[in-house]
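In: This is the structure alone, sequence omitted:
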Ligand SMILES: Cc1cc2nc3c(=O)[nH]c(=O)nc-3n(C[C@H](O)[C@H](O)[C@H](O)COP(=O)(O)O)c2cc1C
């Protein structure tokens, strides 16, 4: 399974694991893949603390950090949080309050927190100071100055894309590794499926390395991704229900029980299309009479405290998470090390099967 990107990053397997849980990121790195810690919404101090913990666990093995800097948003013209808050209509606040009340969730603090571009940029310094080997950006082109800062500190720059056109733009901005993320993925996704997207992105940016993302949860799919020309796989959903993950137990249960048809691309959480586990939350925002979700970052400012509270109290009907269609392939809680080992074993079997077709 060794591809050139393994040598560049100093990893054993080209298995990349995105997670907001530090334990998962560290466990995958220690199992020979590359754990990527999702820093969205963190403060510099908090990120510093998390990365210090990861450093202690991985003892020099490489890991990555992921930030989210959207291409253009309301924030560009309205940088002050108070101005943005004032743009959230009372209709939306009332709808959300009513929704929470119907499901018995009490929200004590109505304070909204916003992930500002300026704050996300500060996270870059923290990640690079810790020696992260890979810094990845989602939701827009990696700013060229950030790619340069990565290179100056010996790190590689990566970016998530949902179309070949966006991949080319990323390379022009200095990105080294492209993550081609299909619509079946968890999180903010485009509309093109992984199977169709990956070969197009590979051709568009060759010889730059491409990682296939979206729906990958088995070694057979890793073999397929490498057959499509990817140098590795970038996974997210697969790690939500592993033993090390801090996903609340009720949510883990729902993930393990869900089929591939129980995800929806919804704007109800952040304002941008984001694949989530279908739940009463996504249904309510989709129901007739519900207000249309607001633009980024307003919808996220409105919903972040509510989503956090729902997670905290584990309200079974409402609780949800970003998750991809690969959720239907996740059926038991295993350790991250076990998941990495199974991906490798299954890959070898699948590659052997296909190889046998060639050799006759
Ligand atoms: C709970 C969760 C949160 C995510 N949040 C982010 C994020 O903040 N930034 C990002 O670049 N990708 C995020 N993603 C998407 C992953 O980076 C990855 O592209 C995706 O999970 C791959 O598809 P898969 O889930 O089918 O494996 C998230 C994924 C999950 C499961």
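Out: Thanks, I have the structure now. All values reported here derive from a predicted model rather than from experimental measurement.

In: For the residue of the stretch 101-250 of the chain found nearest the ligand, give me its contacts.
Out: At 1.9 Å from the ligand, residue 236 is the closest residue in the stretch 101-250 of the chain, using Cβ to the nearest ligand atom. All C-beta atoms are positioned from the backbone trio N, CA, C, and that covers glycine. With contact set as Cβ atoms under 8 Å, 6 or more residues apart in numbering, residue 236 has these partners: 17-19, 185-187, 213, 322, 324.

In: tell me which element residue 96 is part of?
Out: Following DSSP states H and E, the helix or strand that holds residue 96 is helix 90-102.

In: Check which helices and strands that helix sits against.
Out: helix 298-313 (3 or more Cβ pairs under 8 Å, 6 or more residues apart in numbering; DSSP states H and E).

In: related to what we said a few turns ago, could you check the angle helix 298-313 makes with the helix holding residue 96?
Out: 10 degrees (axes from the mean of the first three to the mean of the last three Cα atoms, to 10 degrees).

In: What lies in contact with the helix or strand following helix 90-102?
Out: Using DSSP H and E, the next helix or strand after helix 90-102 towards the C-terminus is helix 117-129. For helix 117-129, contacts defined as Cβ under 8 Å, 6+ apart pick out 39-40, 42-44, 47-48, 51, 65, 67-70, 73, 75-76, 79, 135, 146, 149-150, 153, 155.

In: for the next helix or strand along the chain from helix 117-129, which positions count as buried?
Out: The element immediately downstream of helix 117-129 (helix or strand, assigned by DSSP H and E) is strand 134-138. Of the residues in strand 134-138, 134-138 count as buried by neighbour count, 16 or more other Cβ atoms under 10 Å.

In: ok, and which of the residues you listed reach the ligand?
Out: residue 138 (Cβ under 6 Å from any ligand atom).

In: and of the buried residues of strand 134-138, the nearest to residue 108?
Out: residue 138 (30.8 Å; Cβ to Cβ).

In: Any figure for the gap between the closest one and residue 223?
Out: To residue 223, residue 138 is 26 Å away according to Cβ to Cβ, to the nearest Å.

In: repeat for residue 157
Out: 27 Å.

In: Near the ligand, which residues of this protein are found?
Out: Counting by Cβ under 6 Å from any ligand atom, the chain comes close to the ligand at 18, 20, 38, 40, 66, 68, 138, 160, 181, 184-187, 213-216, 234-238, 240, 321-324, 326.
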